[in-house]
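Peer 1: need a structure here:
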Amino acid sequence: MSDDQDSPLSGNQPGTTAPRADSTSVGSQERSMSDLSREIGARHKRRLSARGNVHPIPRVGIMGGTFDPIHNGHLVAASEVAWVYDLDEVIFVPTGRPVFKLDTEVTNAEDRYLMTVIATASNPQFTVSRVDIDRPGVTYTIDTLKDIRRLRPQAELFFITGADALAEIMLWKDADEMWELARFVGVSRPGYTLDLKESEVPDHAVDLMEIPALSISSTDIRHRAHSGEPVWYLVPDGVVQYINKHGLYRDSRSQV
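Peer 2: Numbers count the residues shown, from 1 in each chain. Got it, this is the predicted structure:
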């Protein structure tokens, strides 16, 4: 979430004596055990998918977002997409300087990164990457995809984003190039409709999914925290504690 998180024992049965072996058979056994150890090690390093499979080509989700703060809707969306697409891993990528929020005050990147780490720590399939917050300048999705591609050169990538963002996706930097790097999954709250038929978005490159928990909003959470209203169960417990400890979104007199 570094960005990567991520044996059987053998022996004689009780009461038996191992037969003596000549040097040839010992060498053969040593080679066999060495091969077995490498095989076990390779299997151990492979990440089981959301449905318990091992894919020859890793299937990796990328969930980019401001995460100001990260909330349970983000986590449910990532979990649902991981299940539907049988992903091996979902990498959360907190945005550095969001291109569409340059005129909006955004919480310090380190605070947003640490809240994301806290929120995802209990799920072994979730990791967190610093590629966007460590990259100087404005954050563009194309740069995120290229950086993750360098980190996961063999993986099949799925970029998870809000369905509303897909409506403007052709305005994104180097949009035509993005389809070659990842499949896009647009997640939305129930009842949200998005018609991409008239856009230049390739039909094969985008899927849409409804996620009930996306009725939770980071904007609403910030407003509630600023007013001293509770945000318990809208965000993970550790994130509530982080907000309180660091006085985010509110004055020092109120706790959420």
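Peer 1: isn't P236 right next to N123, touching?
Peer 2: No. The criterion here is Cβ atoms under 8 Å, and P236 misses it with N123 at 10.4 Å. C-beta here means a position set from N, CA and C on the backbone, and glycine is covered the same way.
Peer 1: list the residues that contact both of these two?
Peer 2: Common contacts of P236 and N123, defined by Cβ atoms under 8 Å, 6 or more residues apart in numbering, comprise L75.
Peer 1: okay, these two: which has more neighbours?
Peer 2: P236 (22 against 15; other Cβ atoms under 10 Å).
Peer 1: Hmm, D176 and P202 touching each other?
Peer 2: No. P202 is beyond contact range of D176, at 9.4 Å (criterion: Cβ under 8 Å).
Peer 1: all strands for the stretch 101-250 of the chain, in order.
Peer 2: All strands of the stretch 101-250 of the chain, identified by DSSP state E, counting those that start in this stretch, fall at 126-128, 156-162, 183-188, 206-210.
Peer 1: and the second one, what other elements does it pack with?
Peer 2: Think strand 156-162. strand 59-65, helix 72-84, helix 141-151, strand 183-188 (3 or more Cβ pairs under 8 Å, 6 or more residues apart in numbering; DSSP states H and E).
Peer 1: gap between D176 and L194?
Peer 2: 20 Å (Cβ to Cβ, to the nearest Å).
Peer 1: okay, the two: which has more neighbours?
Peer 2: Neighbours were counted for D176 and for L194 using other Cβ under 10 Å; L194 has more, 15 against 11.
Peer 1: How about the more buried one: what's its closest non-neighbour residue?
Peer 2: A163 (5.0 Å; Cβ to Cβ, 6 or more residues apart in numbering).
Peer 1: could you list every residue that touches that neighbour?
Peer 2: By Cβ under 8 Å, 6+ apart, the neighbours of A163 are 186-188, 192, 194, 208.
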